[in-house]
Every structure is written in structure tokens, then in C-alpha cells.
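[1] need a structure here:
(2 chains)
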Amino acid sequence: MIYFIEQCLNGVQLGMLLFLLAAGLTLIFGIMDLVNLAHGSLYMLGAYFAASLVAWTDSFLLGVPLALAATLVVGMAVEVIAMRRLYGRDHLDHVLGTFGLILFFNELVRLIWGPAGMTLFLPAWLNVAVPLLPGLAYPLYRVVIIMVTILVALFLYALVMRTRLGMLIRAGASNREMVGALGINIKLLYTFVFGLGAALAGFAGLMQAPILTVQIGMGENILIVAFVVIVIGGIGSIRGAFIASLFVGMVDTIGRAFFPDLLRLVLSKEAAATAAPALSSMLIYLLMAAVLVLRPEGLFPAANR
Amino acid sequence: MTQFPALFRRHLIPVAMAGTLALAAGPAAAQQKTIKIGFVSTFSGPTAVIGNDMRNSFELALDHLGRKMGGLPVEAIYEDDQQKPEVGKQKTDKLIESDKVDFIVGYIWSNVLLASLKSAVDSKTFLITSNAGPSQLAGELCSPYVFSTSWQNDQTPQAMGLYMNQKGVKTAFLIGPNYAAGKDMLAGVASTFKGQVIGQELTKWPDQLDFSAELSKARAAKPDAIFVFYPGAAGVQFLTQYAQAGLKGQIPLYTAFTIDETTLPRQKDLALGVPGAQQWVNDLPNEQNKKFVADYIKKHPGARPSFYGAQSYDAANLVNSAVVAVKGDTSKKDEMRREMEKANFKSVRGNFKYGKNHMPIQNFYLQDVVKDAEGNFVLKTVATIVQNDQDRFHDKCPMK
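    Take a look at the predicted model:
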């Protein structure tokens, strides 16, 4: 039982991390109608900024907000310099353009930080396991990730649903021209939304950095899973992204934890050991396929789309 | 930002040097035969550090040979396999068909090597693997045209299994990546470990980097020890997560190819007290090794050679021994093969012999991580675990 709870926590933690990444992606995709493959690059930049700034300031708590601010600035700059030229064009152009950005950022990181990658070390007080239940010690840092992400989710919900800015964002998603015609600076609004998405990606990257270490191309694999999340959750829906992230995180982790044992019941030990990792990593895609068949718009389709 | 000067040193100086050499050699060199060596390794992505170390060591070996073999100039062509079997095979084909190389060296990854093997064997091009050692290559896929300057994958974990017996480990949990080498490694440790293997996990490779589910499983199984194989950056991630899960000090860790000079600068304290096995350690006291390590550090300040590099350094010298034996006439393949079978060169691991399957018969050492006088983390030889060890697949090799 303790073991099951521990694996559930692992699943929740993975889900939370996916949410940080997927929330930015779904904002940009849903509101700006922009397919942003370079989202993973911003995730990587967040991690590199954090590793450098934490080392530079010698303080984890100081380095992290600085890294977040740096990613926000880079995100807004990318919007102004590159993304603006892609609005209103075909999705294929978005894919090509943002794929180019991935290559650009990978090489940029290689030039600045070198090919070896970096390690973001946690301060000693975070690098421990805490007893959550009798017999269940869980890494404190992973608990922190879960807590902080829930706060971020609440903040996003409040921002989008309860503020004037959020109202404009939602209005812009419904009808861009009309909002512009009403005298709202839609360009600035989009720059802000993209920057927010970038900051969320950067935040995911820097939260993940102490667990996975920092390296070139670190955002590319996880970006695919983030796309799966927003497709399942419904494109443009923050709430959908949250639920779908949890769903995908749980399915992936529980699959990895229990699927091999199930397979061993029907296959030989050798075959099960080889097949299990491959099959359990397919589970989330099966989930996505099932959702697409039953609800092609996703679980929580954003209104008016 | 402080990286910029290093960057210039690394890239601009070789370019400038190549330029001067080309000028000095002039058109006459174009007619003279050169010894062409293709080198396939990973030069991009997170494991490029390994490929760079291999290239640096191979280049150093060429420097030490005066960039000539059997009196002929040497041309090394480096190709990036991107850690992907299909790309590795393409690059191998390109080296054989369009560059017409005399030798192909390199290969970090067993799955990349297995995909590329047939091209080399079919074209009768000598292939020297300077890292990957899949069990198939030592057994049924052994070939007169393939030599190894590393080991067969199972050997190193087999040595670790013996050490775990010495330490009185009764139950073990094994974790490794799900590809050719990962399966060999776990089978290797299980073959010599006398206790009970109470759990075994293979993880998706190379993209799964979060091992939380596997670590939870290992904890729940309550083993005496955990054995892992995670080469390259994944080794950093594993050690980090193992410590974060609070397992350090609770369940001891035994490793193969998880801690080396390319990962230590990022593993630091996390690697202290975690034993590994290896056929080469940078402090082995033979003369050629002292020269290799000292000159490497001189040429690449701030870096230390890893076992990947040491094996690549050996590969250059093995190739040289063959070319010297035929005085540069690389069409005499049988003679070259017979010469290489003698392992007639000064290996940085000390002398070794080849089995009939062209795999080294060699010692394996216990290595430990220590802090040196300047506060750097370095690897140190602690003991010899096994002497003149031969891989357990050589009987399956049909070569005589």
C-alpha cells in the first residue's frame, strides 16, 4: 500500500511538471493559434539560466526568480523578433519556423555553456527525503514541486478568469480583430501571453533541473508529452491541461511501475523485461488515441472554438 | 561567459594548424597514399562529451605517432552517429563507400555498433570498437575484421558481481537502460553474483531520465544493494535522484560505467563511496599510461581522460601496429589481421592478449572516487578484482 501511494506521488509529481509545460503551450496554441515547437527550448533555457544564476548568486532562492525573469524576457524577445511574423500564416509555417528556433537555441546554448551540460545542485535543506506517512519517506523536493505547481495553477486560473487582463486574453482568443478594433493593443497582449507561456516553460525547466540535470535538447522529448497533454485536455483550456497532466503523469508512472509485473504473468521473464518498458511508454499515446476517438475536441474543449 | 577563450582554443587553433599543414604539404601530398581512418562516435546531444573525449584521445595518439603510420600520413575522418543506430549505419556506409577508409574506429553504443557491423564486415573493412562490446559480437557475430580495444559488455559488471560477493551482498536489485548493452550488463552482473537478484528494471533508452518509479520499486523490494548501469549524463541523473530519494546510506549502490571522468565533474560528492569496476583507471602505473594521462591534461587543461578515451588511444596504436607490420600496404588484410591478433602494442591498461574472438583477455580493477589535493574528484584504483578475464561468449564464436 505504501508502495502504491509512493508511485501515485511519483505520478502526481510528473503530472505537475507536465502541467507547467502544457499550460504555456496551451495558452500559446489556444489563444494565439500558434504551434510552438520551440517551447521545449524555453524549458531548456529556464534550466540553464537557473543553473548559472544559482551558481552565480550562490543562493537557490535568489537564482530561481532571476532565472524566471530571464526566461520571461527571452520569451518576449522571441515573440517580438520571430513569432510576430508567423501569426495568420499556415500551421506548417509555424512548425518550420519554430523548429528552426530549436536548432538555433541548441547551438546558442552549446556556444555559451558548452556541450557538457550542467548540474543544478539543490541546497542541503531541500535535498532530503521527508516522512509523509509511517514508512513512506519521499523526496522533499518532489513535494515542493507538487505544492508550487498547485499554486501556479491557482494563480493562472485567477489571472485568466478573474482579472481584466485575463478577460482580454479570453476575448483575444475568441476574436482577435474585434478586440483590436475596440482599441486594445493586441500586439502587446500577445507579447505578454507568449512571455507568460515562456516563463511557465522556463519554470518547468528550472524545477526539473535538479532532478534531471541540465543539458542541450532536454526539452525535446518532454515537449511531445506536453503536446499529448494539451490534445487530451482540449487545446486552449488551462483546466483541461491540469486534469490531463495529472492523468498522463499517473498513467505513465503507474504503467511503468506495475505493467512489467502484469506482463510477467503472461510472458516469459526475459520477454517481459524487454517488452515492458516499450509497451508502458506507449500507454499515454493509447490514452490519447482513445480520447481522440471518443472526444475529438479533448476532454475540456475551450469555449467558442 | 568565461567559456569563450576555451572555445577559441578548441576550435580556432586546430583550424589554423590544419591550414598551415595543408600549405606546407602542398600538391605533392595529394598523390601520396594516406592511411584513412573513419571514426564514428557521438558528437552532438547530451552524450557528445563522451565522443569529444574519444576524439581528443585519438588525436593525442596520432600526435604521439607523429601523425604517421608506417611512414604514411594519417587522415582521420570523424562522423557523428547522434547516438542513433540508423544514423550510425549511414555514417559507416558513407565512410566505407565514399571515403574508402582503411579502418573504422569508435562506437560508444552497442546498438549503434550492431546496426553498423554488417557494412564493415561485408566490405572487409577493419572495424575497431573502442567502447561498445555487445555479447553478439563476442559470440556468433564475431568476425575476422572486427577487433575490440575495450571489453565485452558483460565483463565489467561480472567483475562488479564478484566484488558484491566479496562484500557479502545477499540480495540485489538491478536497474539499467533497455538496449543491447543494458541487457548485457544486467545479465553480466547476475552471472557472477552468488546472491539472489530480487528485482530487475529496464528503462526506456535514451529518453527516460526520471527514475522515480524504479527507485520506489527498489526501495520497496528492500535489497542489500542496488546495481546500476547508466552511461553518460543518465549516470548523473541516476545518482542525483538516488540521493534525493534518501537511498544513499540506506541501500548501497554498485555500478558499471556510471561514474567516469566525463560525468564526475557533475556528480561530485554524489559519487563519493560508490564503487565501480573498470579495465583502465587513470592512475594505472605503467609508463605509456602516465604519458597518455599527463599529455592529455596538458593538451586539454581542466579535463581528464576517461576510459572511453583510453580505449580510443589504444585503438589508434592497434591500427598503427597493423599498418607498420605491412609497411603501409593496407591491401594485405590477412597480415594486418594476424598482427593485430598479437595485440603487439603498448596498451595504456598494460599488456593484454586477444581471445580468438578478438576480444581482450584482461584484468578488471575496483575503482573508487576520491578528492585529490586540489579538491577535484578523481577516480582511483583500489584493487584488482579479477585477472586475465575472458568474456563468457567466446565459445560461441566460430573463428579459430
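[2] not counting sequence-adjacent ones, nearest residue to the residue of the stretch 51-200 of chain B found nearest chain A?
    Closest contact between the stretch 51-200 of chain B and chain A, by C-beta to the nearest C-beta, is at B:Asn178 (4.4 Å). From N, CA and C alone the C-beta is placed, and that goes for glycine too. Closest residue in space to B:Asn178, ignoring its immediate chain neighbours: B:Leu202 at 3.9 Å, by C-beta to C-beta, 6 or more residues apart in numbering or on different chains.
[3] doesn't the one you found belong to a strand?
    Yes: assessed by DSSP: H, G, I helix; E, B strand; the rest coil, B:Leu202 belongs to a strand.
[4] tell me, how many residues neighbour it?
    When neighbours are defined as other C-beta atoms under 10 Å in any protein chain shown, B:Leu202 has 24 of them.
[5] residues in contact with it?
    Each residue near B:Leu202 by C-beta atoms under 8 Å, 6 or more residues apart in numbering or on different chains is listed here: A:273-274, A:276-277, B:176-178, B:182-183, B:186.
[6] quick one: which of these is nearest B:His300?
    Taking C-beta to C-beta as the measure, B:His300 lies nearest B:Pro177 of the contacts of B:Leu202, at 28.4 Å.
[7] hmm, the closest one is touching B:Glu201, no?
    No: taking C-beta atoms under 8 Å as the definition, B:Pro177 is not a contact partner of B:Glu201, at 9.9 Å.
[8] list residues touching both of the two?
    Joint contacts of B:Pro177 and B:Glu201 (C-beta under 8 Å, 6+ apart) do not exist.
[9] in chain A, where is pLDDT below threshold?
    A:302-305 (pLDDT under 70).
[10] max-length helix in it?
    helix A:2-32 (DSSP state H).
[11] tell me the buried residues in that one?
    A:3, A:6-32 (16 or more other C-beta atoms under 10 Å in any protein chain shown).
[12] for the stretch 151-300 of chain B, what lies in contact range of chain A?
    Contacts of the stretch 151-300 of chain B with chain A, taken as C-beta under 8 Å from any C-beta of the partner chain, map to B:178, B:183, B:200-204, B:207-210, B:212-214, B:216-217, B:219-220, B:233, B:236-237, B:240-241, B:243-246, B:262, B:265-268.
[13] what about residue 89, which SS state?
    Just so you know, I chose chain A. Under three-state DSSP, A:Arg89 falls in the coil class.
[14] hm, I was asking about chain B
    When the rule is three-state DSSP, B:Lys89 gets the label helix.
[15] residue contacts, the closest residue to B:Leu72 other than its chain neighbours?
    Excluding the flanking residues, the one nearest B:Leu72 by C-beta to C-beta, 6+ apart is B:Gly328, at 4.5 Å. B:Gly328 makes contact with B:33, B:35, B:69-72 under the criterion C-beta under 8 Å, 6+ apart.
[16] can you give me the buried ones in the helix or strand encompassing B:Asn111?
    B:Asn111 is part of helix B:110-122, with elements assigned from DSSP states H and E. Residues of helix B:110-122 classed as buried: B:110-117, B:119-121 (neighbour count, 16+ other C-beta under 10 Å).
[17] which elements pack onto the helix or strand that it is followed by?
    Per DSSP H and E, the first helix or strand lying C-terminal to helix B:110-122 is strand B:126-129. Helices and strands touching strand B:126-129, by 3 or more C-beta pairs under 8 Å, 6 or more residues apart in numbering or on different chains; DSSP states H and E, are strand B:103-106, helix B:110-122, strand B:146-148, helix B:307-325, helix B:333-341.
[18] go with 6 Å
    In terms of contacts (3 or more C-beta pairs under 6 Å, 6 or more residues apart in numbering or on different chains; DSSP states H and E), strand B:126-129 is packed against strand B:103-106, strand B:146-148.
[19] what is the neighbour count of the residue of chain B found nearest chain A?
    Chain B approaches chain A most closely through B:Gly246 (2.9 Å), counting by C-beta to the nearest C-beta. Residues contacting B:Gly246 under the criterion other C-beta under 10 Å number 20.
[20] what about it, distance to A:Met147?
    From B:Gly246 over to A:Met147 the distance is 19 Å, taken as C-beta to C-beta, to the nearest Å.
[21] burial of A:Leu122, as a residue count?
    Quick note: A:Leu122 (other C-beta under 10 Å) scores 20 neighbours.
[22] which residues does it contact?
    Neighbour list for A:Leu122: A:141, A:210 [criterion: C-beta atoms under 6 Å, 6 or more residues apart in numbering or on different chains].
[23] what does B:Ser321 give?
    If you count contacts by C-beta under 6 Å, 6+ apart, then B:Ser321 has B:339, B:344-345 around it.
[24] can we see that at 8 Å?
    B:Ser321 touches B:339-340, B:342, B:344-345, counting by C-beta under 8 Å, 6+ apart.
[25] where does the residue of the stretch 51-200 of chain B closest to chain A fall, phi/psi-wise?
    phi -90, psi 80 (degrees, to the nearest 10).
[26] distance of it from B:Gly38?
    With distances taken as C-beta to C-beta, B:Asn178 is found 29 Å from B:Gly38.
[27] can you add mean pLDDT, distance to B:Lys89 and mean neighbour count and give the helices and strands packed on strand B:126-129 back as a markdown table?
    Shown next, in a markdown table, are these (pLDDT from 0 to 100; distance: least, C-beta to C-beta, whole Å; neighbours: other C-beta atoms under 10 Å in any protein chain shown):
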| stretch | mean pLDDT | distance to B:Lys89 | mean neighbour count |
| --- | --- | --- | --- |
| strand B:103-106 | 97 | 12 | 29 |
| strand B:146-148 | 97 | 15 | 26 |
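[28] now those in JSON lines, with distance to chain A?
    Converted to JSON lines, the helices and strands packed on strand B:126-129 look like this (distance: least, C-beta to the nearest C-beta, whole Å):
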{"stretch": "strand B:103-106", "distance to chain A": "17"}
{"stretch": "strand B:146-148", "distance to chain A": "25"}
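[29] can you redo those strands as TSV with distance to A:Trp113?
    Formatted as TSV, these follow (distance: least, C-beta to C-beta, whole Å):
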stretch	distance to A:Trp113
strand B:103-106	26
strand B:146-148	34
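[30] the longest helix of chain A and chain B in contact?
    Yes: counting by C-beta under 8 Å from any C-beta, chain B is contacted by helix A:2-32 at A:2-3, A:6-7, A:10, A:13-14.
[31] how far out from the middle of the chain is that helix?
    Relative to its chain's centre, helix A:2-32 lies at 7 Å (C-alpha atoms, centre = their mean, to the nearest Å).
[32] how about stretch A:48-56?
    Worked out by C-alpha atoms, centre = their mean, stretch A:48-56 lies 20 Å from the chain centre.
[33] also stretch B:223-230?
    Remark: stretch B:223-230 is offset 21 Å from the chain centroid, using C-alpha atoms, centre = their mean.
[34] and it, average pLDDT?
    The pLDDT scores in stretch B:223-230 average 97.
[35] how about stretch B:34-48?
    92.
[36] how about it and chain A, any contact?
    Yes: using C-beta under 8 Å from any C-beta, stretch B:34-48 reaches chain A at B:44-46, B:48.
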